[in-house]
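Visitor: Next one to model:
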Amino acid sequence: MLLPDSFIEEVKFRNDITDVVSSYVTLKRRGRNFVGICPFHSEKTASFNVYPENGSFYCFGCGVGGDVITFIEKIENLDYIESLKFLSARASIQMPENDKKSEELSNLKRRIYEANRESARYFHRSLYSKAGKEALSYLYNRGLNDNTIKRFGLGYSPKSKYELINHLITLGFNQSEIINANLAYASYNKISSRFFDRIMFPIIDLRGNVIAFGGRIMSDQKPKYLNTSDTLVFKKSSNLFALNFAKNDESDTLILVEGYMDVIALNQAGFKNVIATLGTALTSEQAKLISRYSKEVVICYDSDIAGQKAASRAISLLRETGLLIKVLAVPNGKDPDEFIRSYGDEGKIRFKKLIENSANDVEYRLQKASKGFDLSSSDGKIGYLKEATKILATIDSKIEQEVYASKISDIIGVAKTSIMEQIIKEYRRQRNNNEKKYIKKINQDISSRNDSINKEKMNNLRAAIAEEAIIAYIINNQDLANNIFSKLPCENLCTSFNKKIYKMLMLRNQEGKSISLTALTQDLSSDEISSIAKMLAKESQRNSTKADADEYIKVIIEEKEKLNVSLLEEEKIRDYMKKLKESKN
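Guide: Below is the predicted model of the structure:
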């Protein structure tokens, strides 16, 4: 174990899972438990459950589960030790000394942060050196001033592939640390800088740490932008550029743009609430992150085909979080940076008007759908109505549906009641499709075809279900564990994963240690913890008795005997075939 059981259990005890989760998720009581919209995937119907009795959570929608430590790991994008530190600080508990392995990992992460910070300083100095003259001129020509350049820590990576590396080595960093920070890569027994001859954009997390970089080339070479790959301190899909600044804005609105330069130009113009993704399309994790710091988001993407596709994806993800959404279209296909610069001193005022006049996401989608049809023709009106009803069927509010149905009625001259009838039909069709998908998922779950943790479950379904039930029962009833372990030896379990967990519980019980879910978190992967959390979630629905536990044991022993007989028969058949082959020879 990396840390004492007593410490981990105290962290869990002092950080009630319901209190912790409710600071991120709106929970509603359902019997003894709580439910809410899952923060880890997009959904409309609450499938995220919190179980106070055993301190676990589980989402039946995406399959993520665990304890309070696991929850913080995922929601804050931290590793296990960092999550313990986070919860320890929350409860004013002193962290004990880590063991060697944990300390090494912690030190490596610290060194990556330090290497990134020193690199950012080096890039910034290089920008104002003779070598960075061209890069600085580029930024000035884009309308940026020195205050903005300093605020965002912009820099320049020299043309040499070795200057940064040599600089970091003189500061005491070794090659392994530099590579782990993704500042360099190994090539032919040498290491080369990942970034060279590029304008550099430091990416800073919410705690003020430099966690990564984006680099922009000034020529026509590809790729135009190069970003840090995922590292121990950086996950591209879970971070947003400039959120460290934007989160402090008091407007409750965030403006989502495509590029770093758009963020910086708008920031300089006075819009401090602007963010961007990190070289990828918006992810569900980023959408959830945005919803934690705003009530409304204005999407301001390029008007080209790629930008429209990105906007459509962003709308679907952001709508699932409950955010109010607007879509801003910059005139003449310009990006925000170009638009503001083209109007000089009036740029800020004109852009503010664009925000104020921007359409909400439904109006944007309806307007986009109308462009594909000639609304003066009957065929065009029919085609548009089909697309419009698909859009309106995704809206939960009937009042909203009726408002837009009235607008469409005015445009195409079809009665509002007829449009509403079409919307209801489309809604039912979409609901039926969703139900079919849900049933398919349930069937896959029952048959365990997609169980990547317990791959033997599908072929030993009856045994595996009973094994999972007894494991959950033991975790919930530690006082009865001795009785169960005496009746059910470990070798009677059929599936390897369940046998592994059962054995862990048995050994911990023999040593007088806790056998809670939290006690297992250090020794198992997050997917394995989610699998056990699922067992506990199902047990919460069953609420098994002692008699039920005895029945589970009976089933497990019966299935093991069947498996032994089957293996014996297979062995006999192999021996028979072997002898038959030998006799022919």
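
Visitor: can you tell me the helix or strand for the closest residue to Leu206 other than its chain neighbours?
Guide: Nearest residue to Leu206, sequence neighbours excluded (Cβ to Cβ, 6 or more residues apart in numbering): Asn244, at 5.6 Å. To be clear about C-beta, it is placed using only N, CA and C from the backbone, and glycine gets the same treatment. Using DSSP states H and E, Asn244 maps to helix 243-246.

Visitor: Skip ahead from that helix and say which helix or strand is next.
Guide: Note on helix 243-246: by DSSP H and E, the next helix or strand toward the C-terminus is strand 253-257.

Visitor: what pLDDT, on average, does that next one get?
Guide: Across strand 253-257, pLDDT averages out at 95.

Visitor: And whichever helix or strand comes after it, what does it pack against?
Guide: The helix or strand immediately downstream of strand 253-257 is helix 260-268, counting by DSSP H and E. Applying 3 or more Cβ pairs under 8 Å, 6 or more residues apart in numbering; DSSP states H and E, one finds that helix 260-268 contacts helix 146-151, strand 210-217, strand 253-257, strand 274-276, helix 336-342.

Visitor: Now the third one - C-alpha only, CSV.
Guide: Spelled out, that is strand 253-257. Written as CSV, here are the backbone C-alpha positions of strand 253-257 (Å, rounded to 0.1, in the frame of the first residue of the first chain):
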residue,chain,number,x,y,z
THR,A,253,-21.1,34.2,-19.8
LEU,A,254,-18.1,32.6,-21.6
ILE,A,255,-17.3,33.2,-25.3
LEU,A,256,-16.0,30.1,-27.0
VAL,A,257,-13.7,30.7,-30.0
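
Visitor: Contacts for it next, please.
Guide: 246, 263, 266, 271, 273-277, 282, 290, 293-301, 314, 328, 335-336, 355 (Cβ atoms under 8 Å, 6 or more residues apart in numbering).

Visitor: buried set for it?
Guide: For strand 253-257, a neighbour-count test (16 or more other Cβ atoms under 10 Å) marks Thr253, Leu254, Ile255, Leu256, Val257 as buried.

Visitor: Show me the shaky parts of the stretch 401-550 of the chain.
Guide: By pLDDT under 70, the weakly predicted segments of the stretch 401-550 of the chain are 431-452.

Visitor: What segments of it are helices?
Guide: 416-447, 461-476, 481-487, 496-510, 517-520, 526-542, 546-584 (DSSP state H, counting those that start in this stretch).

Visitor: Out of those, which is closest to Glu163?
Guide: Proximity to Glu163 (Cβ to Cβ) singles out helix 526-542 among the helices of the stretch 401-550 of the chain, at 39.2 Å.

Visitor: Just the pLDDT for Asp16.
Guide: For Asp16, pLDDT reads 93.

Visitor: Use 41 as the first number from now on
Guide: Yes, from this point I'll number from 41; that puts the last item at Asp56.

Visitor: Contacts only, for it.
Guide: Asp56 neighbours (Cβ under 8 Å, 6+ apart): Pro92, Val108.

Visitor: what do you get if the cut-off is 7 Å, keeping everything else the same?
Guide: With contacts defined as Cβ atoms under 7 Å, 6 or more residues apart in numbering, Asp56 has no neighbours.

Visitor: ok, now the one 4 residues further on?
Guide: Counting by Cβ under 7 Å, 6+ apart, Val60 makes contact with Val108, Phe111.

Visitor: Please identify the helix or strand for it.
Guide: Per DSSP H and E: helix 57-62 holds Val60.

Visitor: Check which residues of that helix are buried.
Guide: In helix 57-62, counting by 16+ other Cβ under 10 Å, buried: Ile57, Thr58, Val60, Val61.

Visitor: of all these, which comes closest to Ser418?
Guide: Val61 (54.0 Å).

Visitor: residues contacting the closest one?
Guide: Leu67, Val90, Phe97, Phe111.

Visitor: Backbone torsions only: list them for the third one.
Guide: Looking back up the chat, that one is Phe97. phi -140, psi 160 (degrees, to the nearest 10).

Visitor: Tell me the spacing between it and Lys447.
Guide: As judged by Cβ to Cβ, to the nearest Å, Phe97 and Lys447 stand 42 Å apart.

Visitor: Then the first one?
Guide: For Leu67, the distance to Lys447 equals 37 Å [Cβ to Cβ].

Visitor: So these two - more neighbours on which side?
Guide: Between Leu67 and Lys447, counted using other Cβ atoms under 10 Å, the more crowded position is Leu67 (18 against 15).

Visitor: Gly362: how many residues sit nearby?
Guide: 11.

Visitor: And Ser146, by the same measure?
Guide: 15.

Visitor: host element of it?
Guide: helix 140-167.

Visitor: what separates the following helix or strand past that helix from the chain centre, distance-wise?
Guide: Going down the chain from helix 140-167, the next helix or strand is helix 173-181, by DSSP H and E. Mean-position distance between helix 173-181 and its chain equals 36 Å (Cα atoms, centre = their mean, to the nearest Å).

Visitor: Quick check: buried residues in helix 173-181?
Guide: Ala175, Leu176, Leu179.

Visitor: For Glu155, give me its contacts.
Guide: Let me fix one detail, which is that residue 155 is Ala and not Glu. Ala155 touches Leu208, Phe213, Glu217, Ile218, Ala221, Leu223, counting by Cβ under 7 Å, 6+ apart.

Visitor: Oh, that last question was meant for Arg381, not what I typed.
Guide: Neighbours of Arg381 in contact, by Cβ under 7 Å, 6+ apart: Gly183, Gly387.

Visitor: what's the spacing between it and Ala350?
Guide: From Arg381 to Ala350 the distance is 23 Å (Cβ to Cβ).

Visitor: Tell me the spatial nearest neighbour of Ser200, not counting adjacent residues.
Guide: Ser200 sits nearest to Phe236 (Cβ to Cβ, 6+ apart), 6.7 Å away.

Visitor: That neighbour reaches Ser197, doesn't it?
Guide: Yes: the pair Phe236 / Ser197 is scored as a contact, 5.2 Å apart, by Cβ atoms under 7 Å.
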